[in-house]
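Participant: sequence isn't available, so here's the structure alone:
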């Protein structure tokens, strides 16, 4: 399978909420909306001034929420 030369690389340390939703949808094989990502990111205080998030911090926050039952 060939990869498009127009595809931009995923920068997991500074990704837009919309791009995070797309990446998570692809990874989970189900629809993840921008609104869902934003709600979680805001709850975790993860959104930076430039409206990006660190995807690794985002996933770590989710793991913490699940493991603590919050």
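Facilitator: Sure, I can see it. Nothing here was measured: the structure is a model prediction, and the numbers come from that model. Numbering: from 1, shown residues only.
Participant: excluding chain neighbours, give the residue nearest to the most centrally placed residue in the chain in space.
Facilitator: Centroid-nearest residue in the chain, with C-alpha atoms, centre = their mean: residue 20, separated by 3.3 Å. In space, not counting the residues next to it along the chain, residue 20 is nearest to residue 37; the distance is 5.0 Å by C-beta to C-beta, 6 or more residues apart in numbering. For glycine as for every other residue, the C-beta is placed from the backbone atoms N, C-alpha and C.
Participant: would you agree the one you found is in contact with residue 58?
Facilitator: Yes. With the criterion set as C-beta atoms under 8 Å, residue 37 and residue 58 qualify as a contacting pair; they are 7.5 Å apart.
Participant: need the residues touching each of these two.
Facilitator: Shared contacts of residue 37 and residue 58 (C-beta atoms under 8 Å, 6 or more residues apart in numbering): residue 20.
Participant: the more surrounded of the two?
Facilitator: Neighbours per residue (other C-beta atoms under 10 Å) separate residue 37 from residue 58, with residue 37 holding more: 26 against 21.
Participant: so after the helix or strand encompassing the residue nearest to residue 20, what's the next helix or strand?
Facilitator: Secondary structure assigned from DSSP states H and E places residue 37 in helix 34-43. Following helix 34-43 in sequence order, the next helix or strand is strand 52-53 (DSSP H and E).
Participant: distance check, residue 63 against residue 23.
Facilitator: According to C-beta to C-beta, to the nearest Å, residue 63 and residue 23 sit 17 Å apart.
Participant: can you check residue 59 too?
Facilitator: Counting by C-beta to C-beta, the gap from residue 59 to residue 23 is 11 Å.
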